[in-house]
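A.B. asks: just a sequence and a predicted model for now, questions to come.
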Amino acid sequence: MKRQLCILLSFVFVFSASFSFYAFGLQSDSIEKTQLGNSNTYYEFDASTGTLTISGRGAIPDMKNMDGSQPWYDWRSDGSIQSVIVGEGITAIGNYCFYSVKANSFTLPSTLKTLGRYSFSSSGIKNVSLPFGLTSIGNNAFDECTLLESVSLPDTLTSIGGYAFRRCISLTEIIIPYSVSSIGSYAFDGCTSLDSVVFDDMTSSVTLMSYAFYNCTSLLDVAFPSEAEIKTKAYGYTASGKLSGTKMLVYEFSSAYIFALTNGISYELLDEKLPLSLGIPGNVSFDDDTIDKVYTFTLKPDFSAVYNVYSRGETDVKAAIYDGETQLDFCDDISDSDRNFCLTAELTAGREYTVTVQSMKSLGASTVVVYPDVITSFDIIGELTFDAADGFRSTSYAYFPIVDVTLEGFVLDVHFEGGYSDKIYYSKGYFDNKEIEINDTQDTNRFTCGENYETVKIGEVESTFSVFVNHSYTQETVPYTLDDDGYTINTCMLCGDTYISDFVPTPARTVSGRCVLMTHPDGIYNPEIPLYNVTVTYDGNTYTTDSDGCFSFRTFNSGELTLESPYCEAKTIEIVLDEGECALSDIALPAYDFNGDGYVNGRDLARYKTRLQNELPQGYFRYAVNFM
């Protein structure tokens, strides 16, 4: 009984300790916006909603699976983080960024280009739609994401790294875009629920590296592209050996066909006619051995409409489209300058059509693609930024160089008749048998600082995108004066916006004082009797005291101050300027010599009585006796 009680108490202690660790490990405080390393990216955390937000521009820096490297390391797995939002402007998610972060909801930006190693590994992510523009998924990016149920890969993706989706045991299907050229070793190893792998381009030159679909025990039936290359045990194998019941759908004499034969895997030959789907390029290639080959595609539209089937490339090709035995259209060259073809035909939903493509004795490769003929609208994802100084200055306005190269990386989200949509990168030329071009309106639509708009046209349909112009300032220096500080006036050369900067305090100092009447030769004075009209001379400039006997002026230099009254000798004072203002105490002058003879006597009294008594302050002369 004692032993059982001891075990029970031990269990309670361990359980309580574990529970306490979990409960008190939660990140209960919100975190203000904080920089990630030395990057231009930042993170913040809202504890009330459990939302971790990454913002900024550029790449989130690489991290390590260790405290001090991953900022949320201590609370990534305890339930603190419910959702993750990666804001627009982020282009890359660095190594180990969200490693073991148990949030189920992840929002990713349209600007994302790459995913680093282990970036989402062991996280709680359940569903992810990777944005158009993403080009690579790093090794182990989603390794052991056991809750991951669905993944949507974009048409811009070129490589899936090794171990990228290893042991994603809830993943049931994957569509490999036509853009993917490489699937890394062990990329889908241990995806035991994966039962559907679809290559959306059956002509793609994709390479399945060794063990790419190793231990995929539910994956028994895959159709492989005609140009696919399959490395060692990339399909149909587990750790126990060859997977029972596996079948490959292959084109005769293809690499996949040879893999099936070599490895003793059951196979079924595909029809030599290649499926052609909306927006997915089919590849044709001609060399000395295949110069006379005729490629045959099948097309079964989902909705009735007029369609364009056309080629892009440098190879001179011709093509025809058939409804059964009936030829609906034939094309050799689009024009004398473009040796590609474009077939236009009205097609019925659910009906299968045949397209044949062959070379006009020209070697090389081309792609074949089909779209509905009618484009209803399109949206432009991207914006341009210039400085005002980038404008080519004319006599009357600024002109900004909006040319094809400046729109590289812009995405056009094109909407067609029938509800179909597709994303493409902007590229001058022809799309869906219509010219794509910039519709530059700057001659009539003058740009100014701030947000402006320009347009792109696909045929007759157009859409706008933002062109943001930053201020570019010219500078004019205004020097300081005796009375004012110096500064720089910054004026935008485009819009005239101005601001003042670079203040330079004037070194001038104020010299001030007050002249009063001296009442005794020992310097005693009466502060109630001011001396006005005293001439103050300093640094070659003259000033005059006011009715209160005060004077004030500003100067840059130390020097001698001279005070001159008509009724006494001049007085000189040495002025030494320091950091502060120079405020002199009252300056007393014995100003009683009214007749200017150098003496104070009865003549001065007479002059005072007859001429000055009414002008000078009351009681002015009563102290004159002290100087007689």
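C.D. replies: In hand now; what should we look at? The model shown is predicted, which means the values in this text are computed figures rather than measured ones. Numbering: from 1, shown residues only.
A.B. asks: please count neighbours and contacts with C-alpha atoms only from this point.
C.D. replies: OK.
A.B. asks: end-to-end on stretch 271-278?
C.D. replies: Stretch 271-278 has an end-to-end distance of 20 Å (CA to CA, to the nearest Å).
A.B. asks: and G429, how many neighbours?
C.D. replies: 11 (other CA atoms under 10 Å).
A.B. asks: so what does it look like in phi/psi?
C.D. replies: phi 140, psi -150 (degrees, to the nearest 10).
A.B. asks: buried residues, stretch 96-111. List them.
C.D. replies: Burial within stretch 96-111, assessed by neighbour count using 16 or more other CA atoms under 10 Å, is assigned to 96-106, 108-111.
A.B. asks: for the record, mean pLDDT for the helix or strand hosting V355?
C.D. replies: For V355, the element it lies in under DSSP states H and E is strand 353-359. Averaging pLDDT along strand 353-359 yields 97.
A.B. asks: repeat for stretch 368-385
C.D. replies: So the average pLDDT for stretch 368-385 ends up being 95.
A.B. asks: tell me which element Y257 falls in.
C.D. replies: Per DSSP H and E, Y257 falls inside helix 255-263.
A.B. asks: so what touches that helix?
C.D. replies: F224, P225, S226, E227, A228, E229, I230, M248, V250, Y251, S266, Y267 (CA atoms under 8 Å, 6 or more residues apart in numbering).
A.B. asks: list the buried residues in the helix or strand that it is followed by.
C.D. replies: Per DSSP H and E, helix 255-263 leads on to strand 266-269 as the next helix or strand towards the C-terminus. Buried residues in strand 266-269, counted by 16+ other CA under 10 Å: S266, Y267.
A.B. asks: helices of this protein, start to end?
C.D. replies: 2-25, 255-263, 602-607 (DSSP state H).
A.B. asks: what is the lowest-pLDDT residue among the buried residues of stretch 96-111?
C.D. replies: Ranked by pLDDT, these bottom out at N104 (89).
A.B. asks: need the contact list for that one.
C.D. replies: Contacts for N104 (CA under 8 Å, 6+ apart) come out as Q82, S83, S123, G124, I125, K126.
A.B. asks: gap between it and S150?
C.D. replies: On the measure of CA to CA, N104 and S150 end up 12 Å apart.
A.B. asks: I174 now?
C.D. replies: Using CA to CA, we find I174 at a distance of 8 Å from S150.
A.B. asks: picking up where we left off before, ok, so of the contacts of N104, who is nearest T51?
C.D. replies: Nearest to T51 among the contacts of N104, counting by CA to CA, is S83 at 4.9 Å.
A.B. asks: mind listing what that closest one touches?
C.D. replies: Neighbours of S83 in contact, by CA under 8 Å, 6+ apart: G50, T51, L52, A103, N104, S105, F106.
A.B. asks: if you set the cut-off to 10 Å instead, what comes out?
C.D. replies: Going by CA atoms under 10 Å, 6 or more residues apart in numbering, S83 touches 49-53, 101-107, 124-125.
A.B. asks: closest to A319 out of the residues you listed?
C.D. replies: Nearest to A319, judged by CA to CA, of the contacts of S83 is T107 at 43.8 Å.
A.B. asks: what sits against V101?
C.D. replies: With the criterion set at CA under 10 Å, 6+ apart, V101 makes contact with 72-73, 75-84, 119-125.
A.B. asks: kindly report the same for L517.
C.D. replies: 523-532, 549, 586-592, 620-621, 623.
A.B. asks: that one bridge partners, please.
C.D. replies: N526, L589 (DSSP bridges).
A.B. asks: let's number from 342 now, not from 1
C.D. replies: With the count now opening at 342, the last piece we talked about shows up as L858.
A.B. asks: do you know how far it is from A932?
C.D. replies: Distance of L858 to A932, given as CA to CA: 7 Å.
A.B. asks: sweet, I'm off.
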